Each structure stands twice: as structure tokens, then as C-alpha cells.
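K.L.:
Sequence and predicted structure are below.
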Amino acid sequence: MHAKVELEITVTYKAQVVVSGDFKGINDPRIDQVAKEVADNMDHGNWGYKNSEFETLNVKQLPDGLSGYHISLLQCGYPEANVLKMSDEEAEGELDAISMG
């Protein structure tokens, strides 16, 4: 059996930034706003990866009898509607074409 699964993936990072401004103490809400802007403008490669969370949104069983070529195209992100219309030979040809590209 093959299934198409839609996931929502949330990736969490941790970063430290330094902010400066005319703030009214550490509870000033502008500190948070400025910190977010500084973090967003910094090189995201400097953010420290923390974790990933996965939530399954939808599961759909795919039709029986799909060839390995069909499955490979789906795994490459080809639209399901297009792949299901392809014959085995067409799916193999398409897979060969993207493998050579």
C-alpha cells in the first residue's frame, strides 16, 4: 500500500541578539519587537537549530497498481493528478528525463 501524507512541519531555532534603544526598562514591549527584527535580519545560518515537530494533517491511500516509477515521481513532488494519468512507460520516461537533467 502507498499513501500520500500531508504534514505540517514546525522547525524551532534559538538565537541570541543584542538590541539597543531608548527602552523603558527590560519589560518594554519594544525590546521584543526590535529583537525579532534583528534576528530576522541576521544570517539565519547563525540560528541554532533546536528541534522539528511534525503534525499529520491528511492521509490518502493511493491507488493500487502504481509502478515504482509513479511512486518515484510522486516522491519528487510531481502533482498526483498528472502522475496518475501517466502510463508506466510515460512515468519511466519522465523519471529518466529528470534523472539526466
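P.N.:
Received the coordinates, thanks.

K.L.:
so the residue in the chain sticking out farthest from the centre, which of the three states?
P.N.:
Centroid-distance maximum for the chain: Lys24 at 39.3 Å, with Cα atoms, centre = their mean. When classified by DSSP: H, G, I helix; E, B strand; the rest coil, Lys24 comes out as coil.

K.L.:
Also Thr10?
P.N.:
Counting by three-state DSSP, the backbone at Thr10 sits in strand.

K.L.:
That one against Ser52, yeah?
P.N.:
Yes - using Cβ atoms under 8 Å, Thr10 is in contact with Ser52, at 7.0 Å. Placement of C-beta: from N, CA and C, glycine included.

K.L.:
Please enumerate the helices of this structure.
P.N.:
29-41, 68-75, 80-85, 88-100 (DSSP state H).

K.L.:
distance of the residue farthest from the centre of the chain from Arg30?
P.N.:
Per Cβ to Cβ, to the nearest Å, Lys24 is found 8 Å from Arg30.

K.L.:
ok, now Lys4?
P.N.:
From Lys4 to Arg30 the distance is 45 Å (Cβ to Cβ).

K.L.:
Please name every helix or strand in contact with the lowest-mean-pLDDT helix or strand in the chain.
P.N.:
Lowest on mean pLDDT, DSSP states H and E among the helices and strands of the chain sits helix 88-100, with a mean of 91. Counting contacts by 3 or more Cβ pairs under 8 Å, 6 or more residues apart in numbering; DSSP states H and E, helix 88-100 packs against helix 68-75.

K.L.:
Domain map for the chain?
P.N.:
Domains of the chain are assigned by automatic domain parsing as 1-61, 62-101.

K.L.:
Can you measure across the longest one, start residue to end residue?
P.N.:
Yep, that's domain 1-61 we're talking about. End-to-end distance for domain 1-61: 7 Å, by Cα to Cα, to the nearest Å.
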